[in-house]
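**Q** This is a predicted model, with the sequence first.
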Amino acid sequence: MSYDTLVVTAHPDDAETQMGGTLAKLADAGGRVLLVDLTDGEPTEFAEHGARARQAAEAARILGVERLPLGGRDRLLVDDLEARIEVASLIREHRPRWIYTIGEACVHPDHVAAASIARAATFLARLGQWERVEDAEQLAGQEQWAVDRLFFPHCKMEPPWSEFAFAVDVTAVYERKRQALAAYGSIFQPEGDRLLALYEAEDRYFGRMLGTGYAEIFRSASPLLLDDPSVILPAVHG
Ligand SMILES: [Zn+2]
């Protein structure tokens, strides 16, 4: 099985929160997208153990993407040798063109670990000579793989960004993002949830600033390179 896009995050709901609209657009365009949840996201505030996994599967179905829970421990995720090799091996197995992961994180320690694991794994996946490295047998048997791009959606637990590399207009699919987040009844209230309101406010703010309804913002590991500059959408003030 191969995927065009891997999204590596700490918890089920991180990918949907940060880039749910973009996920829907990638899937609608025929892309094969795999969400990799490094932890199980348990325990939750409003439901028994196991509910979040079912809700995460439903959210993925709504967006048209697939999901792979790796089963790490929520709250206690650490960046270690085992995690780096597991994710690097996944990258080699699925050979994605694009990886999205948390870029900068300070607030939630699992997000800090996830950002570090994903960046390290992306780099390790492209290296050879693993048969000469102790404890790395898993990578020694796989072909090297270098992704095209490493992108970072904005984690909404972090302070707002004033600068980012690009934004995706998600106005047309925003209702799907709402539905995907609403699937997580174990962590969000059905009515008037404070976090959901915050998430939507950010998407709306950047959308309005860019002259559309809703937008999701991204940073990039490297400067963007365009073959055709005419594909960039117009801005409010040029
Ligand atoms: Zn999270």
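**A** Okay, I see it. Numbering: from 1, shown residues only.
**Q** For the rest of this, base every contact and every neighbour count on C-alpha atoms.
**A** Fine.
**Q** Under a three-state scheme, what state does the closest residue to Asp80 other than its chain neighbours occupy?
**A** Across the structure, with Cα to Cα, 6 or more residues apart in numbering as the measure, the residue nearest Asp80 apart from its sequence neighbours is Ile117 (7.6 Å). Per DSSP: H, G, I helix; E, B strand; the rest coil, the secondary structure class of Ile117 is helix.
**Q** From Ala140, how far off is the residue of the chain positioned farthest from its centre?
**A** Computed with Cα atoms, centre = their mean, the maximum C-alpha offset from the centroid of the chain is found at Arg132, amounting to 32.1 Å. When distances are taken as Cα to Cα, to the nearest Å, Arg132 and Ala140 turn out to be 8 Å apart.
**Q** Same question for Arg176.
**A** Taking Cα to Cα as the measure, Arg176 and Ala140 are separated by 41 Å.
**Q** So for these two, which residue has more residues nearby?
**A** For the pair Arg176 and Ala140, the greater number of neighbours falls to Arg176 (19 against 16), based on other Cα atoms under 10 Å.
**Q** Run through the residues that contact the more buried one.
**A** Under the criterion of Cα atoms under 8 Å, 6 or more residues apart in numbering, the neighbours of Arg176 are 21, 24, 62-63.
**Q** ok, now how distant is the residue nearest to Asp80 from Val36?
**A** When distances are taken as Cα to Cα, Ile117 and Val36 turn out to be 12 Å apart.
**Q** for Arg92, same thing?
**A** Using Cα to Cα, we find Arg92 at a distance of 14 Å from Val36.
**Q** Low-confidence ranges, the protein, go.
**A** Filtered on pLDDT under 70, the chain yields the residue ranges 1.
**Q** Kindly report the residues of it close to the ion.
**A** Within the chain, the positions near the ion by Cα under 5 Å from the ion are 11, 14.
**Q** ok, which stretches of the chain are helices?
**A** Across the chain, reading from the start of the chain, the helices by DSSP state H fall at 14-28, 51-63, 81-94, 109-125, 137-140, 174-182, 194-209.
**Q** can you tell me how far Ala120 sits from Asp148?
**A** Counting by Cα to Cα - Ala120 and Asp148 are separated by 15 Å.
**Q** Over to Leu63?
**A** Taking Cα to Cα as the measure, Leu63 and Asp148 are separated by 23 Å.
**Q** between these two, which one's more packed in?
**A** Here Leu63 and Asp148 are set side by side on neighbour count (other Cα under 10 Å), and the busier one is Leu63, at 24 against 9.
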